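Peer 1: Just to be clear, the model below is a prediction. Sequence and coordinates:
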Amino acid sequence: MADHLKPTDNFDGPAAYVLRVAGILNPRAAEWFDGLVLSIEPEPEMRTTLLHCVVRDQAALRGLLTRIWNLNLKLLSAAWVTAEMGPNLSEEIQEKEVS
C-alpha cells in the first residue's frame, strides 16, 4: 500500500482529484466540465492543463473521465488529493462538485 494511503481512507464519498490532460485548454473549457477549476502548467515546455475537481463518488469520476475521452483529450494522469497532500487545493475546489 502506498505510504500516503491509510487503511481508513474511504473512496466511496466525495473526493478531490487533479487530472492532467495534454495541451493547453481555453479557460472557457471549464464549461465542458461543469465549471471545475482549470490551471495551465507554468512550464511552457509542459503544455498541459490541470483540471481540479471534487467528485461526489467513483461513478461521478467515471463520468468526468468519459467526458475527457469524448472530447478526444489525452489524459496524462489522475491523482487523488487529500487535505494533507494539498490543503490549499482542497479549499479552492471544495465548493465545486462534478455531477
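Peer 2: On my side now, so go ahead. Source: prediction; values computed, not measured.
Peer 1: mind listing the strands for this structure?
Peer 2: Taking DSSP state E as the criterion, the chain contains strands spanning 15-22, 37-40, 48-55, 75-81, 97-98.
Peer 1: Buried deepest among the ones you listed, which one?
Peer 2: Stretch with highest mean neighbour count among the strands of the chain: strand 48-55 (a mean of 21; mean count of other C-beta atoms under 10 Å). Where C-beta positions appear, they are placed from N, C-alpha and C, glycine not excepted.
Peer 1: okay, and for this structure, where does confidence drop off?
Peer 2: 1-12, 35, 83-99 (pLDDT under 70).
Peer 1: Where is the longest helix in it?
Peer 2: helix 58-70 (DSSP state H).
Peer 1: and that one, what does it pack onto?
Peer 2: Packing contacts for helix 58-70, counted by 3 or more C-beta pairs under 8 Å, 6 or more residues apart in numbering; DSSP states H and E, involve strand 15-22, strand 48-55, strand 75-81, strand 97-98.
Peer 1: Quick check: which of these is nearest to residue 30?
Peer 2: Residue 30 sits nearest to strand 48-55 of all the helices and strands packed on helix 58-70, at 8.4 Å, using C-beta to C-beta.
Peer 1: Pull up the pairing partners for that closest one, direction included.
Peer 2: strand 15-22 (antiparallel), strand 37-40 (antiparallel), strand 97-98 (parallel) (DSSP bridges).
Peer 1: can I get those strands in JSON lines with distance to residue 76?
Peer 2: Listed next are the strands paired with strand 48-55 as JSON lines, based on distance: least, C-beta to C-beta, whole Å:
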{"stretch": "strand 15-22", "distance to residue 76": "4"}
{"stretch": "strand 37-40", "distance to residue 76": "14"}
{"stretch": "strand 97-98", "distance to residue 76": "19"}
